[in-house]
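> Sequence and predicted model, in that order:
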Amino acid sequence: MLVCQGKGVCDGIAIGKIKLLKKNTENIKRVHIDDIEKELIKFNNARENSKKQLLSLCVEAETDIGKENAAIFEIHSMMIDDADYIESIENIIKTQKINAEYAVAQTGDNFSEIFSSIDDEYMKSRSIDVKDISERIIRNLMDENTEESKLSEKSIIIADDLAPSETIRLDKDKVLSFVTVKGSANSHTAILARTLNIPSVVGCDIEMSSDIDGKTAIVDGFSGKIYIEPDDETIENMKRKMAESDIRKDYLSTLKGKENITLDGKKIKLYANIGNIIDLASVFANDGDGIGLFRSEFIYLERNDFPTEEEQFRIYKKAAETMGEKKIIIRTLDIGSDKKASYFNLRKEENSAMGYRAIRICLNEPDIFKSQLRAIYRASVYGNISIMYPMITSVEEVKKIKLIVSDVKKELETEGVKIGNVEQGIMIETPAAAIISDELAKEVDFFSIGTNDLTQYTLAVDRQNEKLDEFYNPHHKAVLRMIKTVTDNAHKNNIWVGICGELGADISLTEFFLGIGIDEISVVPSSILTLRQKIRETDTRNTDVEKWL
Ligand code: PEP
Ligand code: MG
């Protein structure tokens, strides 16, 4: 038995077979080769395999995501046959006598750079495509898994790292657990695992060697331990732990239908954070009072091209109808930083968390923003929808947003489309927004405090960097004081304030949040009942909030 240790980011125990996801397409080594002919054959075989995969992907994708969206795979399969592309790779192999992987990577980089420098949107988007096809060929050359999202059986996924866009494309019904070597507890991949309630471990000291592929393992999301080929005693211990966890779940389910009320009668709303409509089932299973954060960018991350207004409308309509009278707060597109979709053609940035992202993209590219706003407003008559905007730093941004919203509403009115009464809120997740929350409160209907980013920006600690996890301290007085200031400013201006960052689920702070008068807390669905239990056991009559500040 081999025992590895990481950080548990979602509680629970998973037992099953390991599926190793390797994607070593970066850092390709340049290796001298003697047998040029053999290398050329190797390249052409990998190219043919890649082509076959793309064509079958195209057929499968047509059923899943429609003909229009599936067309990208057809374009890729044509690009893979491009004479200039092939010639360049073969020339590098022949003249430099180097390995095919390196030749493909170099050609991919060169072509991608050429495409992106052409002043034409169509050509620019081919720059990403040529990188994609090159990576596919390299994976085939390295005989690695090419269809990460295709899992033949229920598996424990072990990967070096997983971007949110990769995680979201995995077939969740077949994922027993996520384990990554890299990755921080505050990353969106960890949040996604918690939202899906899949036992997960990040920052794990596991060796990514092919030997472990297919072996039986146990992932203990509580302790962050992975047992590979566990012995009988460990299996027994883990089964006992699973049974204990089931008993706890049974107890928590007795809290369904009960109020979120403290011993001294203070009430608070408990909402859920979701990434897509499939998460709605767990909101009901855990008795959420509403949706406090619908991370709409996940809709974009699942696709290979922009979702149309109609596609977005259908998703929001379904969410609104399913939730009925219960509130659903849709956060507009928070793309960028770690959440990247290739078709946005976002440039690599040195400091992407502080880069071109979220509302900055929406204000700069109003067509993208408007299509989302139109979809949300059209869906708003089918339920109780509110909108909130991410990464706000100034009153001017809010004013610009309001102008765009007013244009969208006018457009819809002219078209005779009925819309509902939609509350407008903003996320308070930058220190700038927290500090000027007195002014911002006059512009909006509610605040939702995004403690994940607020902590990252206040403490200057990259939430994605696993090396900094020990410095990422959302209990820091600077963060808690800001939360108190924002709450006071909201209430002085008669608007409500919630928390939708992960800190909302931290029961060691529930008394503080209740004490300062937070009106709503939104957490991953699986944390709702634990939080309800904590609220019902709390008495705020003697709470001295100063002790946290
Ligand atoms: C936050 O920053 O706290 C938040 C809720 O948004 P996200 O985690 O999606 O950045
Ligand atoms: Mg955020």
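In hand now; what should we look at? Keep in mind that this is a model prediction, so the values were computed, not measured. Numbering: from 1, shown residues only. Ligands and ions are numbered 1, 2, ... in the order given.
> Now do the helices in the stretch 1-150 of the chain.
36-65, 67-79, 83-96, 100-117, 121-141 (DSSP state H, counting those that start in this stretch).
> quick one: the third one to helix 100-117, angle?
For helix 83-96 against helix 100-117, the angle by axes from the mean of the first three to the mean of the last three CA atoms, to 10 degrees is 130 degrees.
> For helix 83-96, give the mean pLDDT please.
Mean per-residue pLDDT for helix 83-96: 94.
> Give the buried residues for it.
Neighbour-count burial for helix 83-96, with 16 or more other CB atoms under 10 Å as criterion, is recorded at Tyr85, Ser88, Ile89, Glu90, Ile92, Ile93. For every residue, glycine as well, the C-beta is placed using N, CA and C.
> now, among those, which is nearest to ligand 1?
Tyr85 (37.5 Å; CB to the nearest ligand atom).
> Could I get the helices of the stretch 1-150 of the chain in a markdown table, plus columns for distance to ligand 2?
Formatted as a markdown table, these follow (distance: least, CB to the ion, whole Å):
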| stretch | distance to ligand 2 |
| --- | --- |
| helix 36-65 | 27 |
| helix 67-79 | 27 |
| helix 83-96 | 39 |
| helix 100-117 | 28 |
| helix 121-141 | 25 |
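> how about stretch 257-277, does it reach ligand 2?
No. Stretch 257-277 stays clear of ligand 2 (CB under 5 Å from the ion), getting no nearer than 11.0 Å.
> Any regions of the chain where pLDDT drops low?
Applying pLDDT under 70 to the chain flags residues 23-27, 60-61, 63-66, 69, 143-150.
> Tell me the secondary structure at the residue in it positioned nearest to ligand 2.
At 3.7 Å from ligand 2, Asp453 is the closest residue in the chain, using CB to the ion. The three-state label given to Asp453 by DSSP: H, G, I helix; E, B strand; the rest coil is helix.
> OK, contacts around it?
Ala353, Met391, Met427, Glu429, Thr430, Arg463, Gly501 (CB atoms under 8 Å, 6 or more residues apart in numbering).
> Output the helices of the stretch 1-150 of the chain as CSV; include the columns distance to ligand 1.
Converted to CSV, those look like this (distance: least, CB to the nearest ligand atom, whole Å):
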stretch, distance to ligand 1
helix 36-65, 24
helix 67-79, 24
helix 83-96, 38
helix 100-117, 27
helix 121-141, 23
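> Dump those helices to TSV, plus distance to Val3.
As requested, those are arranged in TSV below (distance: least, CB to CB, whole Å):
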stretch	distance to Val3
helix 36-65	36
helix 67-79	41
helix 83-96	44
helix 100-117	34
helix 121-141	30
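> nearest to Asp173, of the ones you listed?
Between Asp173 and the helices of the stretch 1-150 of the chain, the shortest gap by CB to CB is with helix 36-65, which sits at 14.2 Å.
> Name the residues of the closest one that are buried.
Quick answer for helix 36-65 (16+ other CB under 10 Å): 39-40, 42-43, 46-47, 49-51, 53-54, 57-58, 61-62, 65.
> And for stretch 118-127?
Ser125, Arg126, Ser127.
> Contacts for that stretch next, please.
Against stretch 118-127 from outside (CB under 8 Å, 6+ apart): Met79, Phe111, Ser112, Glu113, Phe115, Ser116, Tyr343, Asn345.
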